[in-house]
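> Here's my sequence, what's the structure:
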Amino acid sequence: MMTKEKSSECHGTIRAIHDVMDIIGGRWKISIIACLCFDNMRYSDLLRKVEGISGKVLSRELKDLEINQLIARTVISTQPFAVEYSMTEYGRSLKEMTEVIASWGIAHRARIMEHEVVA
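This next block holds a predicted model:
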């Protein structure tokens with residue numbers, strides 16, 4: 001049986017996870033964040049790197065990430081003008097999380113592939 005203290009701790013953890021998922025959840029945001037953790041990118045670079053995302057969805061996701069202060073948008077005055085996206089200092093706090101998720105994904109894929117070969 002769960003104690004009241006553990007129940008409260010569990011509830012707080014779940015609430016925090018829901019808060020995070022509200023900000024970075026969905027199909028594309030983690031991929032966008034992971035790309036920008038490596039280097040600043042222009043919109044067209046992100047559109048190429050995040051395979052399968054549409055331009056409309058990328059624009060919306062970038063705006064959401066900017067509103068949540070995770071990325072910065074910089075207009076470069078070239079002809080024609082370009083827009084570059086980068087992680088903010090606050091957004092860079094997510095880099096470790098993306099590395100952990102990627103490591104888990106690599107290990108999981110290897111495990112599943114190994115299971116399929118045996119089966």
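
> contacts and neighbour counts: CA atoms only from here.
Will do.

> Now do the strands in the chain.
Using DSSP state E, the strands found in the chain span residues 41-42, 71-76, 82-87.

> Let's check: the centremost residue of the chain is which one?
I30 (1.7 Å; Cα atoms, centre = their mean).

> Spatially nearest residue to that residue (excluding sequence neighbours)?
Leaving out its chain neighbours, the residue that sits closest to I30 by Cα to Cα, 6 or more residues apart in numbering is I24, at 6.3 Å.

> Could you dump the strands of the chain into CSV with mean pLDDT and distance to C35 added?
Shown next, in CSV, are the strands of the chain (pLDDT from 0 to 100; distance: least, Cα to Cα, whole Å):
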stretch, mean pLDDT, distance to C35
strand 41-42, 96, 8
strand 71-76, 96, 11
strand 82-87, 95, 9
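
> would you turn these into TSV with distance to M113 and mean neighbour count?
Shown next, in TSV, are the strands of the chain (distance: least, Cα to Cα, whole Å; neighbours: other Cα atoms under 10 Å):
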stretch	distance to M113	mean neighbour count
strand 41-42	33	19
strand 71-76	35	16
strand 82-87	34	18
